[in-house]
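**Student:** sharing a model that was predicted from the sequence below.
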Amino acid sequence: MKRLALLPFVFLLAAAQAAETQPPWAEAARKAGVVLELPRWETTPTEIEASAARAMAEGDRRLDAIAALKPDQLDFRNTLAALDAAWDPVDTTSSRLSVIKETSPDPALREAARRALQKLQTWSVDAGFRQDVYRVIKAYAATNPKLEGEDAHLLEVILRDYRRNGMDLPEEKRKTLQKLKNRLNDLALEFRRNITDSHPKVIYTQEELEGVSQEFLDRVRDEKGRYAVDANVTWQVLEVLRNVANETTRKRLAEARTRRAMESNLPIFREMLHIRARIATLLGYANWADYRIEPRMAHDGRTALEFLQRLSKGLAPKFEAELERLRAFKVADTGDPTAQIRYWDVPYYKNRLLKRDYDIDQDALKVYFEMENTLRGMFGIFEEIFGLKIRQVEAPYKWVEDLRLYLVSDAAEGTPLGLIYMDLYPRDGKYNHFAQFGITPGRRLADGRYRRPVVALICNFPPGGENRPSLLTFDDLETLFHEFGHALHSVLTQANYGQFSGTSVPRDFVEAPSQMLENWVRDKKVLDRFAVDWRDGTSHIPAEVLDRMEAARKATMGIYYRRQLAFGLLDLALHDTTDPKVLDHFVEVSNRIMSQVYLPVPEKSALIASFGHLGGGYDAGYYGYAWADAIAADMASVFRHAPGGFLDKPTGMRLRREIYAVGGSRKIEDSIRAFLGRPRSLAPFFEYIGLPAGKAAD
């Protein structure tokens, strides 16, 4: 009896505790009919293994349900919509474990996540080859269902992807293809892990590092009192290459950086190239580039190649003139009239050019971009133009102490739209570049509610010092706006299906919305919102400095883009062929193209070994950066000519509605035209890079 009498009290206490632990967005989400939940993060290798097993079992259960359907039972909901939902358990688990693999301070967790991801990717490949599921989808398609909009697009994309997966091939070829794809996934994981785990240290004396800050010296001083620069940490590399006058110092670091992961990754990449070529041939494509590019805006390798070649040719005079300006510095420094600009010289002499001809000191500009001011300012700007509210909330679980979590809501209705983790600073074992990682994609659930997205921005900004906060370079500032653009693209989605959610758009468009936001940081009205000298809290960047910065930017765009184009061209050269001579000599081929289009690479280097983009995701797709840049410049021109400029809310809301919200749920050309209000134009891009209109197409 006593036990029964206590039950109501225990129930009420549990209910009260549950209410106290409800996240601050829970009530708003309930009222809006949306689901917004943080993932449950695995904290042990055993939990990781169990999560992967549960995800695969649930994925199998959902696919089995589709395969069991009878011909008279088929409808859109239980075939196409169900298929899109069937991938969700594995996709969300894979995304979460990818973050763990790239960010966990615990090597055992990173390794467990890597192993689990390998299993999950194998499951995904195998699931895509299930003939029993394909027969049901094909049977439903044969009924010629009357579909419209996103539903019709889903049918088109699913059938296309099944065709591209070789589902109509004879069984023996399908089995071969399945094995090849699984092997390729395994190799890609290993390739990327080897880059992350590579930490070549270059040891210097203090004299050899003359030109860097004392704070930098303090950071790279090792336990033996030496100065050890990590060639795999981008901000350390740039600090040295931009500021150290000693050419030997710069050369040694450039050599170390272009030799990262050579021993481990060269045999892996060779095998990957051969497998990609074989997969393309099995599927009836001329090469891997044609296969990979087919669903993108360019559609085939030839179109992508011609775009890069035309742009490279158009930029040639500007590129040569810019190199000559840098060479003049080296001639003056060395007294050698025949001195040439080398691969390791560009950051240093570019920095010299900015200081002398444009009176721009990149280090001096850092005082205007203190991290906290910058974040608050960026959030305020995006809140204004996109109709949002962004506020920091407490993360119940943190994989690192300084992890941040931000809630994004609709300002007018209060509807929670998504959550963004921000892991801002570098550390051992962490992914060493900048990227958005999806965690939970947006999608319409079976009960009609909408599940809002959760994403993570994994960054490596310079951390603060003992008596100084984190200060960003101008390049860092561009990167921050760029990466947050990816996050907005994800959390503002309204696409019904995970297939089209957020950044699930053609790969040669995915960078455009975020690249476009880089334009904001060059606008005086925008910068005045947050760019103040952190030491006095009042001084803004003078307008004439911004004018000089814009002139300086255009003064070196030839160098910047020829380097980007070199990466794109070598990528296509390795993937638009099945010739074993190219595939087996990929180091020589890639080094030669980089040397011809940009600058000769350091001797005995193999930059391809640490070219993480080609390990999976951007293979035969690096051209997409320049392709998307052209679209980004065109979209930015709409803001530039709007009444409110880059702070114009009607234009911002149109961007949110026609680009961010739509995602990949309709033809991307239709989305671009809907935002622009006209056909696409290359003129804004030519203006952006400092070329006369049409010059790059000559």
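**Tutor:** On my side now, so go ahead.

**Student:** does the closest residue to S610 other than its chain neighbours belong to a helix, a strand or coil?
**Tutor:** Leaving aside its sequence neighbours, S610 sits nearest to R260 (C-beta to C-beta, 6 or more residues apart in numbering; 3.9 Å). C-beta here means a position set from N, CA and C on the backbone, and glycine is covered the same way. With DSSP: H, G, I helix; E, B strand; the rest coil as the basis, R260 sits in coil.

**Student:** R260 and A231 touch, don't they?
**Tutor:** Yes. R260 lies in contact with A231 (C-beta atoms under 8 Å); the separation is 6.4 Å.

**Student:** overlap in contacts of those two?
**Tutor:** Overlap of the contact sets of R260 and A231 (by C-beta atoms under 8 Å, 6 or more residues apart in numbering) consists of P200.

**Student:** residues near the residue nearest to S610, how many?
**Tutor:** Number of residues near R260 (other C-beta atoms under 10 Å) recorded here: 22.

**Student:** same check on F586?
**Tutor:** Other residues near F586 number 21, with proximity taken as other C-beta under 10 Å.

**Student:** so how far is P643 from the residue nearest to S610?
**Tutor:** 49 Å (C-beta to C-beta, to the nearest Å).

**Student:** the stretch 101-250 of the chain: helices as residue ranges?
**Tutor:** Here the stretch 101-250 of the chain has its helices, by DSSP state H, counting those that start in this stretch, at 107-128, 131-141, 149-164, 171-197, 214-220, 234-243, 247-257.

**Student:** for the stretch 351-500 of the chain, same thing?
**Tutor:** 362-365, 371-386, 474-491.

**Student:** figure out which of these is closest to A127.
**Tutor:** Checking the helices of the stretch 351-500 of the chain against A127 by C-beta to C-beta gives helix 474-491 as the closest, at 24.0 Å.

**Student:** following the closest one, which helix or strand shows up next?
**Tutor:** helix 512-517 (DSSP states H and E).

**Student:** circling back to that earlier point, quick one: contacts for the residue nearest to S610?
**Tutor:** By C-beta under 8 Å, 6+ apart, the residues touching R260 are I195, S198, P200, A231, N232, A609, S610.

**Student:** what's the spacing between the nearest residue to the fourth one once chain neighbours are set aside and L305?
**Tutor:** Taking C-beta to C-beta, 6+ apart as the measure, A231 lies nearest to A256, with 3.8 Å between them; neighbours along the chain are not counted. As judged by C-beta to C-beta, A256 and L305 stand 32 Å apart.

**Student:** go on, Y625?
**Tutor:** 15 Å.

**Student:** could you double-check that L565 lies in contact with A316?
**Tutor:** No. In this structure, L565 is not within contact of A316 by C-beta under 8 Å, at 10.5 Å.

**Student:** between the two, which is the more surrounded one?
**Tutor:** Shown here are L565 and A316; by other C-beta under 10 Å, L565 has more neighbours (25 against 13).

**Student:** which helices and strands does the host helix or strand of the more buried one pack with?
**Tutor:** Using DSSP H and E, L565 sits in helix 557-575. Applying 3 or more C-beta pairs under 8 Å, 6 or more residues apart in numbering; DSSP states H and E, one finds that helix 557-575 contacts helix 262-282, helix 288-293, helix 301-334, helix 580-584, helix 586-597, helix 623-640.

**Student:** between those helices, which gets nearest to A573?
**Tutor:** Closest of the helices and strands packed on helix 557-575 to A573 is helix 586-597, at 5.8 Å (criterion: C-beta to C-beta).

**Student:** where does the stretch 51-200 of the chain have low pLDDT?
**Tutor:** Along the stretch 51-200 of the chain, the model assigns pLDDT under 70 to no residue.

**Student:** for the chain, give me the ranges with low pLDDT.
**Tutor:** The low-confidence ranges in the chain, as defined by pLDDT under 70, are 1-20, 693-698.

**Student:** can you list the domain ranges for it.
**Tutor:** With domains defined by automatic domain parsing, the chain comprises 2-32, 45-128+130-164, 199-257.

**Student:** let's have these in a markdown table, adding distance to L527 and mean neighbour count.
**Tutor:** Shown next, in a markdown table, are these (distance: least, C-beta to C-beta, whole Å; neighbours: other C-beta atoms under 10 Å):
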| stretch | distance to L527 | mean neighbour count |
| --- | --- | --- |
| domain 2-32 | 31 | 11 |
| domain 45-128+130-164 | 31 | 18 |
| domain 199-257 | 22 | 17 |
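
**Student:** mind putting those in TSV, distance to L419 included?
**Tutor:** Shown next, in TSV, are the domains of the chain (distance: least, C-beta to C-beta, whole Å):
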stretch	distance to L419
domain 2-32	8
domain 45-128+130-164	13
domain 199-257	27
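
**Student:** to A531, which of those lies closest?
**Tutor:** domain 199-257 (19.9 Å).

**Student:** and that closest one, end to end?
**Tutor:** From its first residue to its last, domain 199-257 covers 9 Å (C-alpha to C-alpha, to the nearest Å).

**Student:** how far is it from where the chain is centred?
**Tutor:** With C-alpha atoms, centre = their mean, to the nearest Å as the basis, domain 199-257 stands 27 Å off its chain's centre.

**Student:** same question, stretch 83-100
**Tutor:** 18 Å.

**Student:** likewise for stretch 680-689?
**Tutor:** So, by C-alpha atoms, centre = their mean, the centroid of stretch 680-689 is 23 Å from its chain's centroid.

**Student:** what residues sit buried inside that stretch?
**Tutor:** L682, P684, F685, F686, Y688, I689 (16 or more other C-beta atoms under 10 Å).

**Student:** phi first, then psi, for the first one.
**Tutor:** When read as degrees, to the nearest 10, the backbone of L682 gives phi -90, psi -10.

**Student:** so it sits against I631, correct?
**Tutor:** No. Using C-beta under 8 Å, L682 makes no contact with I631, being 9.5 Å away.

**Student:** kind regards, and thank you for your time.
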